[in-house]
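> I'd like to go over a predicted model; first the sequence, then the structure.
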Amino acid sequence: MRDAVDTFVVAGGKVARFAGNFLWQTRLEDEGRRQICYKYQAKDDPLSGTGKAHLVTGAWELGPVNRPGALTFGVNAMRGVYAGVGRCVGGGSGGFTVYRSGHWAFAGAGLGYGDQLGAASRVFGYEVDGLDYRMDDGLPFPMGTDGGSLDITILAMGLATNIEADNRIWGETQYIGVSDAAFKARSLYGAVTSETLDACERGNGMIVHWSKGNGEIFTAATCEWVAGLARGDIQVQTVTRNVLDRFGAR
């Protein structure tokens, strides 16, 4: 499926994705009637160590797959992933901070630099995708260290985490805890230590636009974008309409 999307875009197609957590490769078997995904236990996938190891159903960014999600949609879940669930950025705005308000996707939405997009309808969460980035003169730019192209334009973003805040309230049960950060630390650094956990704690979610080959990619990388549509958020509706109008034009 990714091959089809990549080929379509490079040839001049336009693809919009309003979703988050593009983390796991899955595999269809039995003529499409069975979906396989070992996820955290990818080492147990029967294709591990075979000539088809690139089809192992683990994280896109990790071996033996080694095909970062940013190569297709401009963002990676490994640079996300949780916001607004449990105490993972539990006190966040629920929206994206806008950095490039002059972009065509924001036309007519009444947004300026630093405004919050979708906060009223809580579109930012519960899983989001992002990139390694740097700030220059108040604007975010991709680092290109995680498979993302340097040509990607970061339009808006928010903060995410892989470690749930522990306020040590008696009787409170954590939902996320540190398990995802530990998985990332083990996968990326080979061991779970205080240093590697710290390196895997911080993440982000982004809205990006990218010209790829002869085509274009627009990604609003959050699972809850649909909440903005369902709750009648006029700014989220406007951005969605702008993207669909541009990408659907012939």
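Ah, there it is. Just so it is clear, the structure is predicted and the values come from calculations on it, not from any experiment.

> what about the residue lying closest to residue 23 once chain neighbours are set aside, how many residues nearby?
Nearest residue to residue 23 in three dimensions, chain neighbours excluded: residue 77, at 3.5 Å (Cβ to Cβ, 6 or more residues apart in numbering). Just so you know, the C-beta spots here come from the backbone N, C-alpha and C atoms, and that holds for glycine as well. Neighbour count for residue 77, taken as other Cβ atoms under 10 Å: 26.

> what of residue 107?
Neighbours of residue 107 (other Cβ under 10 Å): 15.

> find the least confident helix or strand in the chain, judged by mean pLDDT.
helix 179-189 (a mean of 89; mean pLDDT, DSSP states H and E).

> packing partners for that one?
The helices and strands touching helix 179-189, judged by 3 or more Cβ pairs under 8 Å, 6 or more residues apart in numbering; DSSP states H and E, are strand 76-83, helix 194-201.

> which outside residues touch the first one?
For strand 76-83, the external contacting residues (Cβ atoms under 8 Å, 6 or more residues apart in numbering) are 20-23, 59-61, 68-70, 88-89, 92, 124-132, 146-148, 158-162, 164, 176, 180, 184, 188, 203-205, 221.

> could you measure from the closest residue to residue 21 other than its chain neighbours over to residue 45?
Distances taken as Cβ to Cβ, 6+ apart place residue 127 nearest to residue 21, at 3.8 Å, with adjacent residues excluded. Distance, residue 127 to residue 45, by Cβ to Cβ, to the nearest Å: 22 Å.

> quick one: residues contacting the residue lying closest to residue 100 once chain neighbours are set aside.
Excluding its sequence neighbours, the residue lying closest to residue 100 (Cβ to Cβ, 6+ apart) is residue 155, at 4.9 Å. With contact set as Cβ under 8 Å, 6+ apart, residue 155 has these partners: 98-100, 103, 105-106, 206-209.

> surely residue 155 is in a helix?
No. Read with DSSP: H, G, I helix; E, B strand; the rest coil, residue 155 is strand and lies in no helix.

> what score does it have for pLDDT?
For residue 155, the model assigns a pLDDT of 98.

> likewise residue 87?
Residue 87 carries a pLDDT score of 87 in this model.

> now do residue 170
73.

> tally of neighbours for it?
4.

> need the residue closest to the centroid of the chain.
Computing the C-alpha centroid of the chain and ranking residues by Cα atoms, centre = their mean puts residue 129 first, at 1.5 Å.

> the helix or strand where that residue lies vs strand 76-83, what angle?
For residue 129, the element it lies in under DSSP states H and E is strand 126-130. Strand 126-130 runs at 140 degrees relative to strand 76-83, counting by axes from the mean of the first three to the mean of the last three Cα atoms, to 10 degrees.
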